[in-house]
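**Student:** Predicted model follows, preceded by the sequence.
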Amino acid sequence: DSRKYTGIVEDCCCDYETVDSVNGAVLHPLLQELVTTPFFRYFKVKLWCDCPFWPDDGMCKLRDCSVCECPENEFPEPFKKLMQNQNGLPSDDLKCQEGNPQGAVDRTLDSKAFRGWVEVDNPWTQDDETDNSEMTYVNLQLNPERYTGYTGPSARRIWDAIYSENCPKYTSGEICQEKRVLYKLISGMHSSISIHIASDYLLDETKNLWGDNLELMYDRVLRYPDRVRNLYFTFLFVLRAVTKATNYLEQAEYNTGNLEEDLKAQSLMRQLLYNPKLQTACPLPFDEAKLWQGQSGPELKQEIQKHFRNISALMDCVGCEKCRLWGKLQVLGLGTALKILFSVDGKNHPNQLLQLQRNEVIALMNLLNRLSESVKLVHEIGPSVEKTMEGF
Ligand code: FAD
């Protein structure tokens, strides 16, 4: 076997081969379909760039261009009405104003699209959904995570602040497992973002030609085995959060007013949660019970929570709107996974019930889908890219 990554994913409970096979056969196809359903494709987000850290920065003052060629037939009837009510305009009256079209977000819906979910604070994130001012709905299907041209000091400063101030890279043996987990989650998400930039890259601007940039994929991720390992780790961590919340997610209402599509979302969720192949091959993707066991567990948890909230706040400083959208979604998805795994302790506090916001579930499942796509890409094209780049 010529596999480069073998054995158990570090700190997890499943091996690389199993992850690839379960992902390819079960998770990836289900998630790809799930995220196209109306419930999962509309994400509520505050896109206003409201950076608390570098107030003087020119990058972060203007709201980027709003590309709004919203195809009318994309939306269910009730959504169209809500949209016209809120804006006072039919959607195609909204015009693009300024900025970098690759980096801009295609706005869509109003805030009343979904009902019946609670609004409770997430201790791991700068809470977004309960702060209703300036919130918009975005159709994620119209705004794929891809190359946007956002680069240079502004982008670099954010990653630097994340890594140096909030989750320093560990050297083996030096740091406790909990801090290592935080670092690996961020690094895994970063790998996934880079894989998406490289697999949906603007190859020729004049022809508007998009495709793979394999050199970039190699330079940013594949040549660093740690970054690949962290991607697999993050995937398993988020998958564990989803499976741990099975009862909640099975009973949740996926209601958008489109009965057929909503039933489909529910059915896909059940197929994923109760999948026999997943349950047999990788029943416990990550074992959260091993963490916070030391004497300083509670303080450590608070410290790491504070760091994660800072990372969440840093997303307001991302100077490209589409990157901000996906940055916020993925950090909220990670924050939701952290909340499910570490903030609900049914064993010691049986009355502590899991409560999630609708937006948290949307972020969680879309994050899992992003990670699943990245894992699939790394598995399928990684070896040949490495071969080419390393000149074998
Ligand atoms: P960067 O990716 O900026 O990395 C900076 C440094 O971090 C590297 O030099 C390395 O030391 C370290 N590093 C890199 N990867 C890892 C890893 N996996 N684990 C640990 N350390 C690592 N650009 C887009 O085109 N589209 C997007 O959707 C997009 N979304 C973004 C979302 C966020 C939240 C941020 C902060 C940036 C986003 N960007 C996006 C910008 C993109 O991530 C890069 O910053 C940019 O392309 C410049 O890349 P770079 O080569 O300087 O390396």
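**Tutor:** Received, thanks.

**Student:** Pretty sure Lys322 sits against Thr148.
**Tutor:** Yes: taking C-beta atoms under 8 Å as the contact criterion, Lys322 and Thr148 are neighbours in contact, 5.3 Å apart. C-beta coordinates here come from the backbone N, C-alpha and C atoms, glycine included.

**Student:** Which of those two has more residues huddled nearby?
**Tutor:** Here Lys322 and Thr148 are set side by side on neighbour count (other C-beta atoms under 10 Å), and the busier one is Lys322, at 26 against 21.

**Student:** I'd like to know which elements the helix or strand harbouring the more buried one is packed against.
**Tutor:** Using DSSP states H and E, Lys322 sits in helix 321-342. Helices and strands touching helix 321-342, as assessed by 3 or more C-beta pairs under 8 Å, 6 or more residues apart in numbering; DSSP states H and E, comprise strand 42-46, helix 177-199, helix 225-244, helix 297-314, helix 358-389.

**Student:** change it to 10 Å
**Tutor:** Here helix 321-342 touches strand 42-46, strand 135-139, helix 153-161, helix 177-199, helix 225-244, helix 297-314, helix 358-389, going by 3 or more C-beta pairs under 10 Å, 6 or more residues apart in numbering; DSSP states H and E.

**Student:** Check the offset of it from the chain's centre.
**Tutor:** Here the centre of mass of C-alpha atoms in helix 321-342, compared against the chain's by C-alpha atoms, centre = their mean, to the nearest Å, lies 5 Å away.

**Student:** same thing with stretch 219-233?
**Tutor:** Taking the mean of its C-alpha atoms, stretch 219-233 sits 17 Å from the chain's own mean (C-alpha atoms, centre = their mean).

**Student:** Low-confidence bits of the chain, can you list those?
**Tutor:** Low-confidence segments of the chain, defined by pLDDT under 70, span residues 1-2, 49, 55-118, 127-134, 167-175, 345-352, 392.

**Student:** how about the residues of it that lie near the ligand?
**Tutor:** Remark: the part of the chain in contact with the ligand comprises 145, 147-148, 150-151, 155-156, 158-159, 187, 190-191, 193-194, 197, 220, 227, 315, 318, 322-323, 326-327, using C-beta under 6 Å from any ligand atom.

**Student:** Now the buried members of the residues you listed.
**Tutor:** Judged by neighbour count, with 16 or more other C-beta atoms under 10 Å as the criterion, the buried members of these are 145, 147-148, 150, 155, 158, 187, 190-191, 193-194, 197, 220, 227, 315, 318, 322-323, 326-327.

**Student:** What about Val283, how many residues nearby?
**Tutor:** If you look again at residue 283, you'll see it is Pro, not Val. Pro283: 10 surrounding residues under other C-beta under 10 Å.

**Student:** Enumerate every residue touching it.
**Tutor:** Contact criterion C-beta atoms under 10 Å, 6 or more residues apart in numbering gives 13-14, 243 as the residues in contact with Pro283.

**Student:** one step back: for Trp54, find the nearest of the helices and strands packed on helix 321-342.
**Tutor:** In this view, the helices and strands packed on helix 321-342 are compared for proximity to Trp54 by C-beta to C-beta, and helix 153-161 is the closest at 7.4 Å.

**Student:** quick one: contacts of the closest one?
**Tutor:** By C-beta under 10 Å, 6+ apart, the residues outside helix 153-161 that reach it are 51, 53-54, 57-60, 148, 150, 186, 190, 193, 310-311, 314-315, 317-320, 323, 327.

**Student:** can you confirm Thr206 is in a strand?
**Tutor:** No: with DSSP: H, G, I helix; E, B strand; the rest coil as the criterion, Thr206 is located in coil rather than a strand.

**Student:** Near it, how many other residues are there?
**Tutor:** Thr206 has 5 neighbouring residues, counting by other C-beta under 10 Å.

**Student:** swap in Lys290?
**Tutor:** 12.

**Student:** Quick check, Leu31 in contact with Leu278.
**Tutor:** No: contact between Leu31 and Leu278 fails when scored by C-beta atoms under 10 Å: they sit 11.9 Å apart.

**Student:** okay, and the common contacts of the two?
**Tutor:** Here Leu31 and Leu278 share the contacting residues 23, 272, scored by C-beta under 10 Å, 6+ apart.

**Student:** and the gap between Ala252 and Lys179?
**Tutor:** In this structure, Ala252 lies at 32 Å from Lys179, with C-beta to C-beta, to the nearest Å as the measure.

**Student:** got it, and Ser199?
**Tutor:** Looking at Ser199 against Lys179, where the rule is C-beta to C-beta, the gap reads 31 Å.

**Student:** got it, and Val238?
**Tutor:** With the distance defined as C-beta to C-beta, Val238 ends up 19 Å from Lys179.
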